[in-house]
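# sequence and predicted structure, then a few things I'm wondering about:
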Amino acid sequence: MSKKTPLNTKDFHPFGDLIGLEFTKIEKGYSQCTLDVVDKLLNPHKVVHGGVMYSMADTGMGAAAYTNLSKGELCATIEIKINYFKAVKGGTLICNTKVIHQGKRIVALDSEIINAGQTVAKAIGTFSIFEIKNSL
């Protein structure tokens, strides 16, 4: 049984709420999230801060990974590598993420971030899968 991440994540993911991230699709092994570029997300050069796109990829990866987890399992980021291709000054960012390989304890994912029809960043990440331990 896979875990469900609600499309309306208001109050579900406080950091996502802080940056304005919203999920538009969540399917088995896949997620899509969007973010409208606003002034508070810009760096001193008036382009989207790289950490914002990294956060989109990380959050999108977590959501895609959760769709494949069993009851009692959680996941956490081990590492993410991101390449930035183009500076973003405005519009909407779209992050498409898919699971590219899953084992018993490790899942690898790929995220592509798009702005105005162009790929502006690409990320690959590895997440750990672990079981929830009851501490009684």
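Okay, I see it. Residues are numbered from 1 along each chain as shown.
# buried residues of the longest strand along the chain, list them for me.
In terms of residue count, the longest strand belonging to the chain (DSSP state E) is strand 118-131. Neighbour counts over strand 118-131 (16 or more other Cβ atoms under 10 Å) mark 120, 121, 122, 123, 124, 125, 127, 129 as buried. Backbone N, C-alpha and C define where each C-beta goes, glycine included.
# closest one to residue 19 out of these, please.
Nearest to residue 19 among those is residue 121, at 15.0 Å by Cβ to Cβ.
# contacts only, for residue 62.
Residue 62 makes contact with 75, 77, 127 under the criterion Cβ atoms under 8 Å, 6 or more residues apart in numbering.
# and residue 128, by the same measure?
Residues in contact with residue 128 (Cβ under 8 Å, 6+ apart) are 75, 76, 77, 78, 105, 106.
# grab the nearest non-local neighbour of the fourth one.
When the adjacent residues along the chain are set aside, residue 78 lies closest to residue 126, with 4.4 Å between them (Cβ to Cβ, 6 or more residues apart in numbering).
# give me the pLDDT for that neighbour.
Among the per-residue scores, residue 126 holds a pLDDT of 98.
# contacts only, for it.
Shown in contact with residue 126 (Cβ under 8 Å, 6+ apart): 77, 78, 79, 80, 106, 107, 108, 109.
# with residue 77 instead?
Shown in contact with residue 77 (Cβ under 8 Å, 6+ apart): 58, 61, 62, 125, 126, 127, 128.
# where do the strands sit along this structure?
Under DSSP E, the chain gives strands at 22-27, 30-36, 73-84, 92-102, 106-115, 118-131.
# right, I'll leave it there.
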